[in-house]
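>>> Give me a 3D structure for the following:
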Amino acid sequence: MIQSSMRKKSLYDYQVVIFDLDGTLYFQRPLRLRMIRFLARYTLTHSSCIKDFLIIKKYRKVRERWETCEKECAGKPKYSALGLDDRQYQYVADQMKVERARVEQVVAYFMLEKPLAFLPAYRDEVLAHAIDTLHRQHKTVVVYSDYPVENKLKALGIRADRCYTSADARIGAMKPDPKGIAVILADTGCPAANALMVGDRYEKDGLAAKGNGVDYLIVGKTKKERASIR
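Presented below is the predicted three-dimensional model:
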């Protein structure tokens with residue numbers, strides 16, 4: 001199901017179009033299923049890595065409920081000097097009773113590096129074509145994600161004019177916090193009325209846009225649903 005606040009506008013009527021990445025520029029569910037199969041085979045030859053999979057599970061859960069977790073970190077010296085990513089790694093490390101470096105290494109390999117080889121097969125061709133059209137029309141294409149962006153865009157063969165992540169020093173907050181989009185509007189000099197946020201989750205991308213008075217387009221989960229995007 002597609003949700004939109006565009007009021008009969010086309011995607012191409014905006015000067016700045018901000019795209020989420022994970023679950024938006026590629027189909028996330030089939031990629032996750034492929035990664036699960038990979039992890040299952042990996043376990044057969046690396047039985048010691050079961051702890052790593054538990055770390056990944058905890059990390060995903062922590063990021064989904066980070067607002068709550070961050071309140072638990074408030075006022076604790078070990079967290080106060082850390083950036084967003086390191087605060088999350090440290091929190092997971094404390095919960096799992098491992099070193100922060102191990103959490104970072106596990107996340108880097110299984111969540112950021114290994115999926116890159118699989119990404120092209122799950123690229124959303126509708127949105128990739130839309131981005132190409134926006135470039136031809138000299139519109140500004142921005143990709144803004146809670147996870148690192150550049151390597152995934154390269155794997156997908158998609159070009160953006162600007163890239164942002166929630167961990168950037170000037171943002172330091174995850175969606176739906178409106179700060180990220182506020183920074184993007186300031187950097188591009190674009191009025192909120194001329195910007196659009198395209199994402200796959202209203203509770204993240206839609207609310208982040210709404211908090212800035214920016215229109216949003218929440219795409220469906222399937223190719224059939226996205227075929228109607230204009």
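>>> Check the gap between residue 203 and residue 212 for me.
16 Å (Cβ to Cβ, to the nearest Å). Every C-beta, even on glycine, is put in place using the N, C-alpha and C of the backbone.
>>> List the residues that contact residue 43.
Contacts for residue 43 (Cβ atoms under 8 Å, 6 or more residues apart in numbering) come out as 49, 50, 53.
>>> got the contact list for the last one?
Contact partners of residue 53, counting by Cβ under 8 Å, 6+ apart, are 39, 43, 110.
>>> The second one looks like it's in a strand, true?
No - when classified by DSSP: H, G, I helix; E, B strand; the rest coil, residue 43 is found to be helix rather than part of a strand.
>>> How about the residue in the chain that sits furthest from its center?
residue 45 (30.9 Å; Cα atoms, centre = their mean).
>>> Which residue ranges make up each domain of this structure?
3-26+123-226, 31-117 (automatic domain parsing).
>>> Give the other helices and strands that the helix or strand bottoming out on mean pLDDT in the chain contacts.
Least confident helix or strand, the chain: helix 223-226 with a mean of 85, by mean pLDDT, DSSP states H and E. When contacts are defined as 3 or more Cβ pairs under 8 Å, 6 or more residues apart in numbering; DSSP states H and E, helix 223-226 packs onto helix 125-136.
>>> Would you mark the buried spots in the helix it packs on?
Applying a neighbour-count criterion of 16 or more other Cβ atoms under 10 Å, the buried positions in helix 125-136 are 126, 127, 128, 130, 131, 134.
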